[in-house]
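**Student:** Below are the sequence and a predicted model for it; my questions follow.
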Amino acid sequence: MTRTKKNLLVFLEKHHYNPLVMKKAEQLAMAFNTTIDIVIMFDVYEEDQEDELQFIKSDLESFSTTSQVTKDIWFEELRSESDYLKILKERYKLKAYSQLVSVNEEEHFLDTMIYGSMSQMVQKYFPESDFHLLSINLLPFKKDEFESGKFAYLNEELNGDLTLVCTHEPDKNSGLYFRRLSTDFENGLFLTSIKNGTEVYKIVDRIAIEKIKLEL
């Protein structure tokens, strides 16, 4: 297959998404002088993920309006691990991507036994494409230790405390609250997008006690 133009496909599972990952992918595309298409894949059987998906869609819409290289964005349902290959094949047929990008994460033993590792799968079915794995350090936290993200915002009290308020009406100040699985109280992490990166707040008993600004 002969290519006349480079194309880059970013494929991520929902729990890998955050603005830092997209900024890194954008930098990679600019280095290759190419454009980005994005596929976000989510487990169709996962419950209570509507807020998180809506947040990602809104964030990607904002990202695409400011990015000079982002072209098309898709959301795809995952029903099994084999869907990965099916989705990649369908997208590959459209543009014969020269660059494939995902996030480097420890893979489950049984999945690699049955389907092979992600690297093996890409090398086998897309030998003409370069495969890039972005650092797992771009992910603010391991989302499998938390419940699905829910819309929330931080309200500044008179004493200066930032109190977590959950909401069903997201606005420009909303982020996602991820409640820790191992707690009976409102303890977890609050994530919000900012212009140059991502902010993560540690929440203890509804109070933001620590802020971490993540940058590339």
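**Tutor:** Everything's here; your move. Note that the coordinates shown come from a computational prediction; the quantities given were computed from them, not determined experimentally.

**Student:** show me where this protein has strands.
**Tutor:** All strands of the chain, identified by DSSP state E, fall at 7-13, 35-43, 70-78, 99-103, 130-134, 150-156, 162-166, 175-179, 188-194, 197-204, 207-214.

**Student:** gap between the third one and the chain center?
**Tutor:** On the basis of CA atoms, centre = their mean, to the nearest Å, strand 70-78 is displaced by 12 Å from the centre of the chain it belongs to.

**Student:** just checking, what packs against that strand?
**Tutor:** strand 35-43, helix 50-66, helix 83-95 (3 or more CB pairs under 8 Å, 6 or more residues apart in numbering; DSSP states H and E). To be clear about C-beta, it is placed using only N, CA and C from the backbone, and glycine gets the same treatment.

**Student:** Need the winner for burial among the ones you listed.
**Tutor:** Among these, ranked by average contacts under mean count of other CB atoms under 10 Å, first place goes to strand 35-43 (a mean of 20).

**Student:** Which residues does that one contact?
**Tutor:** 7-14, 17, 22, 25-26, 29, 49, 53, 56, 60, 67, 69-78, 83-84, 87, 91, 95, 97 (CB atoms under 8 Å, 6 or more residues apart in numbering).

**Student:** Partner strands of that strand, with direction?
**Tutor:** Looking at strand 35-43 with DSSP bridges, its paired strands and their directions are strand 7-13 (parallel), strand 70-78 (parallel).

**Student:** Most tightly packed of those?
**Tutor:** strand 7-13 (a mean of 23).

**Student:** Kindly calculate the angle that that one makes with strand 99-103.
**Tutor:** Angle, strand 7-13 to strand 99-103, by axes from the mean of the first three to the mean of the last three CA atoms, to 10 degrees: 20 degrees.

**Student:** any idea of the mean pLDDT in stretch 102-117?
**Tutor:** Across stretch 102-117, the average pLDDT comes to 62.

**Student:** Same question for stretch 159-173.
**Tutor:** 85.

**Student:** What residues sit buried inside it?
**Tutor:** L162, T163, L164, P170 (16 or more other CB atoms under 10 Å).

**Student:** Show me what the third one is bridged to.
**Tutor:** On DSSP bridges, the residues paired with L164 through beta bridges are L154.

**Student:** Next: I194.
**Tutor:** Beta-bridge pairing for I194 (DSSP bridges): G197.

**Student:** Lowest average confidence across helices and strands of this protein, where is it?
**Tutor:** When each helix and strand of the chain is scored by mean pLDDT, DSSP states H and E, helix 109-115 comes last, with a mean of 53.

**Student:** where does the protein have low pLDDT?
**Tutor:** 1-5, 81, 94, 105-119, 195-197, 214-216 (pLDDT under 70).

**Student:** Okay, domains of it per the record?
**Tutor:** Listed by automatic domain parsing, the domain ranges of the chain are 7-138, 143-214.

**Student:** Compute the first-to-last residue distance for the first one.
**Tutor:** Criterion CA to CA, to the nearest Å; first-to-last residue distance in domain 7-138 is 23 Å.

**Student:** ok, M30 touching V69?
**Tutor:** Yes. Taking CB atoms under 8 Å as the definition, M30 is a contact partner of V69 at 6.2 Å.

**Student:** Mind checking which of the two has more residues around it?
**Tutor:** It is V69, of M30 and V69, that has more neighbours when counted by other CB atoms under 10 Å, with 17 against 14.
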